[in-house]
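Peer 1: mind folding the following:
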Amino acid sequence: MKKINITTNCKKLLADVFTPVGIYLRVRDRFRDTVLLESTDHHAADNSYSFICINAIAGIEITSTKSIEFKLPGLPPEKAAITNSAEVPEKLWEFMQRFEVKQGSGRETKFAQGLYGYTTYDAVQFFDTIHLGIERKSPDGLPVVPLMRYRLYQYVIAINHHKDELYICENTMTGVESELQVVESLIRSKDVPVYPFKTKGPEASNMTDSDYMDMVKKGIQSCMRGDVFQIVLSRCFEQGFTGDEFAVYRALRSINPSPYLFFFDYGDYKLMGSSPEAQLIMQNGKAVVHPIAGTFKRTGDDETDQREAERLLQDAKENAEHVMLVDLARNDLSRLCDDVKVDHYREVQYYSHVIHLVSEVSGKVRTGSNPFALLAKTFPAGTLSGAPKFKAMELIDAYEPTARSYYGGAIGFMGFDGQCNHAIMIRTFMSRQNKLIYQAGAGVVAASKPESELQEVNNKLGALKKAIVFAQEII
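Peer 2: Now for the predicted structure:
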């Protein structure tokens, strides 16, 4: 099979007068298929970049469990039947092997040499033998969005926040016309087009408070019977709006700064979030996951929050949940990694509305491993499903009234060289047809109290709901 040759060239500019949000607002109306990724972990040198991706030129899309679509530069889409769902990770990696990438000088070229996209929670059917009620609608009454969608972008603008440097990385190949001058002109433009946002109508949910607590009671009974040790049960909300939902992203990044901030615009729907938790990071032969489990509400008062953190460290129920999910992360990585170990254990981390317990589990990636296969083995995160994972997902499918779709899935980057950095889609909105969809869950164990789990869901949604309110005041 003839390979498509890609050469990545990067042009360096000073970034001291530019912001990722400002650049994104300038380029999004000129180019289709735009993506913004940021991080507030600027204290960490390895995570000090923001990215703007524009103009998709190739990619993969799976809209059902029966077929997969591949798109190569300048060619019509190719469709292939999915006869064995377990082969999907291999098909994805085979597609990436159709590109021959010329290694550029400098690390910045790597940021453009790969696919940016997402995998929904419901795509677990490609990774395991479970079958979900995929025919169910999303909470907004529309069909679920594509199960997986990954794209190669012509331009990736990378901003190094430590050095105040900006790189315009361009993937050049036969048949793709360069618009580098247009991109640079837009970056340098002084205009920042912004538009207002307003909510429309009341907030709605796919279940009442009472319904959710009844579902939690079912989960408790499942734990008591020994069906599962833990199950993560979620609840979904929706809010109508008019105007520009990017204002909500701007509000969210201010209210709830997190390691993973993202805005993916697919035209008829958008995914935006402020996620605290990585699904999987693979770099330099090492795979890392960060289980987050154990949650208390944050008050905003430093002394009170410190006492709450101490109480969280001593809480038997929250710690049992955390230990269980650290063990699950170790087991997941062990399926395709060696030397799996816990690097950091039960560290307290503060977020805008909650206090979490966080650990780090890592393993050595075996030579020649398919990164999509390792993503599959760790998917979905135990913190979004439960343990044992398979049985917990079966019960979630039976108990929750609507398909999870994007919620609990993963979003991020997959490099041609096997590097991977994906966040879990929590603290995340989906915007579609002037409705914002948002969802959160709580880990249910035998010792759970339905009222407390309902409150945990509300605590996790606190930043999202505040962002909706604040977005109306930005302009």
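Peer 1: is Thr378 in contact with Arg330, as I believe?
Peer 2: No. Counting by CB atoms under 8 Å, Arg330 is not a contact partner of Thr378; they are 10.8 Å apart. For glycine as for every other residue, the C-beta is placed from the backbone atoms N, C-alpha and C.
Peer 1: how about low-confidence regions in the stretch 101-250 of the chain?
Peer 2: For the stretch 101-250 of the chain, residues meeting the criterion pLDDT under 70 lie at 104-105, 134-140.
Peer 1: for it, what spans make up the helices?
Peer 2: For the stretch 101-250 of the chain, the helices defined by DSSP state H, counting those that start in this stretch cover 180-188, 209-225, 246-255.
Peer 1: repeat for the stretch 351-475 of the chain
Peer 2: So, for the stretch 351-475 of the chain - with DSSP H, counting those that start in this stretch - the helices run 371-377, 382-385, 389-399, 450-471.
Peer 1: deepest of these, which one?
Peer 2: Of all these, helix 382-385 has the most neighbours on average by mean count of other CB atoms under 10 Å, namely a mean of 27.
Peer 1: quick one: contacts of that helix?
Peer 2: With CB atoms under 8 Å, 6 or more residues apart in numbering as the test, helix 382-385 has contacts from 121, 231-232, 277, 291-293, 324-325, 328-329, 332, 389, 392-393, 396, 407-408, 424, 426, 441, 443.
Peer 1: can you rerun that using 7 Å?
Peer 2: For helix 382-385, contacts defined as CB atoms under 7 Å, 6 or more residues apart in numbering pick out 232, 277, 291-293, 325, 328-329, 389, 392-393, 396, 408, 424, 441.
Peer 1: swap in stretch 195-204?
Peer 2: 237-245, 247-248, 468, 471-472, 475.
Peer 1: nearest to Leu132, out of the helices of the stretch 101-250 of the chain?
Peer 2: Of all the helices of the stretch 101-250 of the chain, it is helix 209-225 that lies closest to Leu132, at 16.9 Å by CB to CB.
Peer 1: just the CA atoms of that closest one, as PDB, please.
Peer 2: The C-alpha atoms that make up helix 209-225 are tabulated as PDB, following Å, rounded to 0.1, in the frame of the first residue of the first chain:
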ATOM      1  CA  ASP A 209     -33.800  13.700  42.500                       C
ATOM      2  CA  SER A 210     -36.000  10.900  43.800                       C
ATOM      3  CA  ASP A 211     -35.400   8.800  40.600                       C
ATOM      4  CA  TYR A 212     -31.600   9.200  41.100                       C
ATOM      5  CA  MET A 213     -31.700   8.100  44.700                       C
ATOM      6  CA  ASP A 214     -33.800   5.100  43.800                       C
ATOM      7  CA  MET A 215     -31.200   4.200  41.200                       C
ATOM      8  CA  VAL A 216     -28.500   4.500  43.900                       C
ATOM      9  CA  LYS A 217     -30.500   2.100  46.100                       C
ATOM     10  CA  LYS A 218     -30.400  -0.400  43.300                       C
ATOM     11  CA  GLY A 219     -26.600   0.100  43.100                       C
ATOM     12  CA  ILE A 220     -26.300  -0.500  46.800                       C
ATOM     13  CA  GLN A 221     -28.300  -3.700  46.600                       C
ATOM     14  CA  SER A 222     -26.000  -4.800  43.700                       C
ATOM     15  CA  CYS A 223     -23.000  -4.200  46.000                       C
ATOM     16  CA  MET A 224     -24.600  -6.100  48.900                       C
ATOM     17  CA  ARG A 225     -25.400  -9.100  46.700                       C
END
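Peer 1: between helix 389-399 and it, find me the angle.
Peer 2: With axes from the mean of the first three to the mean of the last three CA atoms, to 10 degrees as the basis, helix 209-225 and helix 389-399 are set at 150 degrees to each other.
Peer 1: ok, and what's touching helix 209-225?
Peer 2: By CB under 7 Å, 6+ apart, the list of residues contacting helix 209-225 reads 228-231, 233, 235, 395, 399, 444-446, 448, 450-451, 453-454.
Peer 1: mind listing what's buried in that helix?
Peer 2: For helix 209-225, the neighbour count (16 or more other CB atoms under 10 Å) marks Tyr212, Met213, Met215, Val216, Gly219, Ile220, Ser222, Cys223 as buried.
Peer 1: out of the contacts of stretch 195-204, which are buried?
Peer 2: Buried by 16+ other CB under 10 Å: 237-241, 243-245, 247-248, 468, 471-472, out of the contacts of stretch 195-204.
Peer 1: which residues sit in contact with the residue nearest to Ala463 when sequence neighbours are not counted?
Peer 2: Leaving aside its sequence neighbours, Ala463 sits nearest to Asn256 (CB to CB, 6 or more residues apart in numbering; 3.7 Å). The contact partners of Asn256, by CB under 7 Å, 6+ apart, come to Ser274, Tyr351, Ser352, Arg427, Ala463.
Peer 1: now for the helices of the stretch 351-475 of the chain, which one comes closest to Gly114?
Peer 2: helix 371-377 (9.7 Å).
Peer 1: which helices and strands does that closest one pack with?
Peer 2: For helix 371-377, the packing partners by 3 or more CB pairs under 7 Å, 6 or more residues apart in numbering; DSSP states H and E come out as helix 88-96, strand 278-283, strand 420-424.
Peer 1: got JSON lines for those, with distance to Thr367 too?
Peer 2: Listed next are these as JSON lines, based on distance: least, CB to CB, whole Å:
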{"stretch": "helix 88-96", "distance to Thr367": "15"}
{"stretch": "strand 278-283", "distance to Thr367": "13"}
{"stretch": "strand 420-424", "distance to Thr367": "16"}
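Peer 1: please identify the deepest-packed of those.
Peer 2: Mean neighbours per residue, mean count of other CB under 10 Å, is largest over those for strand 420-424, with a mean of 25.
Peer 1: then it to PDB, C-alphas only?
Peer 2: Output of strand 420-424 as PDB, limited to C-alpha atoms (Å, rounded to 0.1, in the frame of the first residue of the first chain):
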ATOM      1  CA  CYS A 420      -1.000   9.300  23.700                       C
ATOM      2  CA  ASN A 421      -2.500  11.900  26.000                       C
ATOM      3  CA  HIS A 422      -6.200  11.600  26.600                       C
ATOM      4  CA  ALA A 423      -8.400  13.100  29.300                       C
ATOM      5  CA  ILE A 424     -11.600  11.600  30.600                       C
END
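Peer 1: what's in contact with it?
Peer 2: 260, 275, 277-282, 371, 375, 381, 384, 408, 410-414.
Peer 1: and it, which strands flank it?
Peer 2: Paired strands of strand 420-424, with direction, are strand 278-283 (antiparallel), strand 410-415 (antiparallel) (DSSP bridges).
Peer 1: out of these, flag the one nearest Gln154.
Peer 2: When the strands paired with strand 420-424 are compared by CB to CB, strand 410-415 sits nearest Gln154, at 15.6 Å.
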